[in-house]
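1. this one's structure only:
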C-alpha cells in the first residue's frame, strides 16, 4: 500500500509539473476576475443588494461567500467539465500516443494498478481544481465585500424561489467548502467517461471532445423546460450533479444526496472498469 | 534465461502474420541479436516479451517465469530500452528516473547516483529532458533500464539515430554490462554490421518468420563480395575461380573465400590484362544475406 501511494505521489508530481495542467486554473482565475469587474458595475451591485434584502432579509448576506458561491455555480458547471474531461481523457490516450506508457508498462506493474493510479490522480486533480476555484472565488468575494457578514444560498437559476439556506459567516464558510468538495466528487462521471474513452485506441483530443459533447447534450436534455420530461430528469447526469446544492440546504436531505452520489459514483466507476477491461485486452505497440 | 516458444501474432483479420511460430532462446550472459528489416516482426516479438502485446499462440519465459502467466514476476528481472524512448520532456532526467523507478518498486538514491555516473549523465541529470540530445536520451534510457538491477536487458533498435561516436560508446557499454555485471542482453536491429560486432548469436526474422538462428560470425561465411566493372567479366571470373576459388554471384558480382587478400585479386587481374573500371569490396548487406538464404534454403528456416 505504501508503494501504491508513492507511485500515486509521483503520478501527481508529474501531472502538476506539466504547464498544461494549469491552463484550467488560469482560465478559472480570469473568469473570476471578470466576474468581479461585473459586480463593480453600479446597477449590477444595486440589483444584487436588493435581491439579497428581499430573500435573506438583510444586505449583510450579500457577502464575500455569497459572491464566491455565485461565481462557483456559474463557472464550474461547464468550464469545470471541459478541464476535467481534458485531463482525464489525456492521461492514458496522450501517454499511449507519445510512448511514455511503454516505459511504464515495461515494468513489473499490472495494468489495473497503473490505471487505478492514473484515475485517482484525475480525481485528485478535480478536487484540487475545485478547491482552487472555491478559494480564489472567496478571496475575490472578500476583496469586494470585506470579511464577515452572512451567507445565503439559493439555486441561482431560479431567482424567484426561496433560499436554500441562510447562515452566519463561519457556518457559511463550512457549508461552502463542504459543497465544493461534494461537487468535485459528483464530477466523477465526467472523469470516468473521459478516462474510459482514453483507454480505447483513440486520439486524446477525441476522448475529450466526445466527453464534452456527451455532457453538453445531457445538460441540454436535462434542462428542457417541459413537464413531460420531468419524470425522467433524474436519469440525466448533469441533473444528478446538481445534488451538490443539497449540501447548502438548511436541513441536508441526506437520502436524496446519497442517492445521487451513488448514481454518479457508480457511473464514474463503471467508466473506469470499462476502460480497464478495454485497456487490459489492448496491444500497446509503437 | 529467455525462451521464446512458437510465437504467432496477427494484428487484424486481413493483415499478414506479424509473427509466425517464432522460437529462439537466449542463454545467460549472452548478447543475442534479433535481426530483420522494418516490419519483419522484431518489435512485435519484443512487445510480447514485455507483456505489451498478446500473442495469438506461443509463450515467452524469462528465467523460467511465463510472461503470460505471471507478467509482473517475469518483468522483475528485465530492463528495457525502446527505439526513441519517450521520456517526460518537461521533467529533469533525475525526476524521470524517480518517476519510472517508482513503478519498479523504487531504488535508493545511492543506486541512482551510481547508475547516472555510469551512463555519463552526472552533469546534465538535473536539466530538463527537452534539452537533451538524442544520445543523452539514449543514455537516460539505459540508466532507467539498469536501475532495477535487471538480469536481462531488452533493447529495441538501441543505436538508431546515434552518431558514430555514440554507437561505439553504446557498444562498449553493452560489453561492460555483460562482462562486469553479468547482464544478458537481447537487442533488435536492422543493421547487420552492428549485430555482427556485438552479438554472440542471432536470429533473423523475415516476414514474421525466423529464417536463421546461429552464430553472428556465420553471417559473413559466404565470403567477400567484390563488384567488378569490366569489359570482360567472364575472363575476370575465370581468373578468380582458378586462382582464388571465386564464385559468380551476379553479372557484375563475384565472391572469394573470407581469408582471401583482395589486394592480391586486384593485382592478379591487372597483371592478366583485365581492364578494370571499378573494383569494389562490398559489405555483406542484410538484404543480400536474406537473398542468399532464400536461394540456398528456398525460404525455409535454417
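-> Everything's here; your move. Computed from a predicted structure; not experimentally measured.

2. If you count residues, where's the longest helix of the chain?
-> Picked chain A for this. Scanning chain A for the longest helix, with DSSP state H as the assignment, gives helix A:111-145.

3. was after chain B, sorry
-> Per DSSP H, chain B has its longest helix at helix B:164-181.

4. what's the distance between that helix and the middle of its chain?
-> For helix B:164-181, the gap between its own C-alpha mean and the chain's C-alpha mean amounts to 14 Å (Cα atoms, centre = their mean, to the nearest Å).

5. That helix: which residues count as buried?
-> B:166, B:167, B:169, B:170, B:171, B:173, B:174, B:177, B:178 (16 or more other Cβ atoms under 10 Å in any protein chain shown). For the C-beta atoms, the positions are set from N, CA and C on the backbone; glycine is no exception.

6. separation between the fifth one and residue B:159?
-> Separation of residue B:171 from residue B:159 (Cβ to Cβ, to the nearest Å): 8 Å.

7. shared neighbours of these two, anything?
-> Residues touching both residue B:171 and residue B:159 (Cβ atoms under 8 Å, 6 or more residues apart in numbering or on different chains) are residue B:194.

8. what's the weakest-modelled helix or strand in chain A?
-> Lowest on mean pLDDT, DSSP states H and E among the helices and strands of chain A sits helix A:42-56, with a mean of 83.

9. And the pLDDT for the nearest residue to residue B:11 once chain neighbours are set aside?
-> Spatial nearest neighbour of residue B:11, excluding adjacent residues (Cβ to Cβ, 6 or more residues apart in numbering or on different chains): residue B:18 at 5.8 Å. pLDDT, residue B:18: 92.

10. okay, now residue B:18: neighbour count?
-> Around residue B:18 there are 28 other residues, counting by other Cβ atoms under 10 Å in any protein chain shown.

11. Let me see the contact set for residue A:207.
-> A:85, A:89, A:90, A:93, A:194, A:197, A:198, A:200.

12. Tell me what residue B:34 is bridged to.
-> Counting by DSSP bridges, residue B:34 is bridged to residue B:188, residue B:203.

13. Any chance of the backbone angles for the residue nearest to residue B:11?
-> phi -80, psi -30 (degrees, to the nearest 10).

14. just so I have it, where are all the strands in the stretch 101-250 of chain B?
-> Secondary structure of the stretch 101-250 of chain B (DSSP state E, counting those that start in this stretch): strands at B:152-156, B:184-189, B:201-206, B:209-215, B:224-230, B:247-250.

15. okay, these in CSV with mean neighbour count next?
-> Below are those laid out as CSV (neighbours: other Cβ atoms under 10 Å in any protein chain shown):
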stretch, mean neighbour count
strand B:152-156, 24
strand B:184-189, 24
strand B:201-206, 24
strand B:209-215, 17
strand B:224-230, 19
strand B:247-250, 15
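
16. want to throw those into JSON lines with mean pLDDT and distance to residue B:127?
-> Output for those, formatted as JSON lines (pLDDT from 0 to 100; distance: least, Cβ to Cβ, whole Å):
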{"stretch": "strand B:152-156", "mean pLDDT": "93", "distance to residue B:127": "24"}
{"stretch": "strand B:184-189", "mean pLDDT": "92", "distance to residue B:127": "28"}
{"stretch": "strand B:201-206", "mean pLDDT": "89", "distance to residue B:127": "37"}
{"stretch": "strand B:209-215", "mean pLDDT": "85", "distance to residue B:127": "43"}
{"stretch": "strand B:224-230", "mean pLDDT": "86", "distance to residue B:127": "46"}
{"stretch": "strand B:247-250", "mean pLDDT": "80", "distance to residue B:127": "52"}
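
17. possible to save those strands as JSON lines with distance to residue B:65?
-> Supplementary listing: the strands of the stretch 101-250 of chain B in JSON lines, determined by distance: least, Cβ to Cβ, whole Å:
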{"stretch": "strand B:152-156", "distance to residue B:65": "11"}
{"stretch": "strand B:184-189", "distance to residue B:65": "14"}
{"stretch": "strand B:201-206", "distance to residue B:65": "21"}
{"stretch": "strand B:209-215", "distance to residue B:65": "23"}
{"stretch": "strand B:224-230", "distance to residue B:65": "44"}
{"stretch": "strand B:247-250", "distance to residue B:65": "46"}
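
18. of all those strands, which lies closest to residue A:221?
-> Nearest to residue A:221 among the strands of the stretch 101-250 of chain B is strand B:152-156; the distance by Cβ to Cβ comes to 48.7 Å.

19. Tell me the strands beside that closest one, with direction?
-> Using DSSP bridges, the strands paired with strand B:152-156 are strand B:78-81 (parallel), strand B:184-189 (parallel).

20. gap between the residue in the stretch 1-150 of chain A positioned nearest to chain B and residue A:284?
-> Chain B sits closest to residue A:99 of the stretch 1-150 of chain A, with a gap of 3.3 Å, by Cβ to the nearest Cβ. Counting by Cβ to Cβ, the separation of residue A:99 from residue A:284 is 10 Å.

21. quick one: which of those two has more around it?
-> Legend: neighbour count by other Cβ under 10 Å for residue A:99 and residue A:284, higher for residue A:284 (20 against 16).

22. Tell me, what's the model's pLDDT at the more buried one?
-> We have a pLDDT of 88 for residue A:284.

23. secondary structure class for the nearest residue to it once chain neighbours are set aside?
-> Once flanking residues are discounted, residue A:284 sits nearest to residue B:52: 4.4 Å by Cβ to Cβ, 6+ apart. Of the three states, residue B:52 takes coil under DSSP: H, G, I helix; E, B strand; the rest coil.

24. can you count the residues close to residue B:52?
-> Neighbour count for residue B:52, taken as other Cβ under 10 Å: 24.

25. Please list all residues in contact with the residue of chain B found nearest chain A.
-> Closest contact between chain B and chain A, by Cβ to the nearest Cβ, is at residue B:86 (3.3 Å). Contacts for residue B:86 (Cβ under 8 Å, 6+ apart) come out as A:98, A:99, A:100, A:102, A:103.
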